[in-house]
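Q: I need the structure of the sequence given here:
(chains A and B)
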Amino acid sequence: MNASEILFYIISACILVGGLLAVTARKIFRSAIFLLFSLIGIAALFFWMEVEFIAAVQIIIYAGGIVVLIIFSIFLTQKSGDEMPHPVRKRAVFSAMAVLLGFAFTFNLIRQYGFTPDPVASFNIKVADIGTQMLSTKEHGYVLPFEVVSILLLAAMIGCIVIAMKTKPVEEKIKIPEGQPL
Amino acid sequence: MITMLMAVELILNSVNINFVAFNKYLYPGKLDGVFFAIFVITIAAAEAAIAIAIIINLYRSHHSIDVEDASELKY
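A: Prediction:
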């Protein structure tokens, strides 16, 4: 067991414990902080797998954007010191059963498949390759999903603004104070 | 409801780990898993933004973001 494997087990333990505590913590602010730990652990795992671009994207978007957004909305909408109510027992039992069933199903599939890793080719990706392939219109290019995703992001932005917009009463007009020159 | 959002983020992240790991160890010559991970991250960001907008609007109309309280459209 060399240092790389030990590092992998430490990182994955951090991710798993962070995720478990994020869904079981009673206080929602703690839950968000554990989610942050889990996401940073996932970024560390991407660094460990030597996909630095995805790791950087993960840190920028998740740790810098989404967790801040979640904490912001926690502070906006509820008191962060309050404990959440206990989940209904029947629901907890059924979700535990669903987790166990899914775990058994996936484990069975993985055990039967028997992966054969490709030891010949080495995996080192350059960011330039990612950019070239993402914007190429050739056979393995990803320009169509790229455009579709950009349209989706635009639609999501406009949708957010429309949903969160305050509807003003129509008859309200700007009153110009009398006696003052415009 | 914020907890549901956090759970969805965790699920999407686990899918991302799988995409990148399978790309690295089974098909090292290709980049498709990396692209799928990037698209999943994008869609997760869009989904989080929409969810926050819905949460804020729900809080404004119901003064609570518990999903059990928002039951007007249930039946």
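Q: residue ranges with poor pLDDT in chain A?
A: Applying pLDDT under 70 to chain A flags the ranges A:79-82, A:117-122, A:168-182.
Q: going by residue numbers, what spans are strands in it?
A: Under the criterion DSSP state E, chain A carries no strands.
Q: which parts of it are helices?
A: A:3-24, A:28-48, A:52-58, A:67-77, A:89-113, A:127-134, A:143-164 (DSSP state H).
Q: who are the contact partners of the residue nearest to the spatial centre of chain A?
A: The residue lying closest to the centre of chain A (C-alpha atoms, centre = their mean) is A:Tyr62, at 5.5 Å. Residues near A:Tyr62 by C-beta atoms under 8 Å, 6 or more residues apart in numbering or on different chains: A:Leu39, A:Ile42, A:Ala43, B:Glu9, B:Asn13, B:Ile41. Yep, even glycine has a C-beta here, placed from its N, CA and C like the rest.
Q: what's around B:Asn4, how many residues?
A: Check again: residue B:4 is Met, not Asn. B:Met4: 11 surrounding residues under other C-beta atoms under 10 Å in any protein chain shown.
Q: residue 69: what's it in contact with?
A: All of this is about chain A. Taking C-beta under 8 Å, 6+ apart, we find A:Leu69 in contact with B:Ala48, B:Ala49, B:Ile52.
Q: the chain in question should be chain B.
A: Neighbours of B:Asp69 in contact, by C-beta under 8 Å, 6+ apart: B:His62.
Q: phi and psi next, for it.
A: Phi and psi for B:Asp69, reported as degrees, to the nearest 10, are phi -80, psi -20.
Q: now, the contacts of A:Leu69 that are in strands?
A: Using DSSP E, none of those sit in strands.
Q: from those, which is closest to A:Pro85?
A: For the contacts of A:Leu69, the residue nearest A:Pro85 by C-beta to C-beta is B:Ile52; the value is 22.2 Å.
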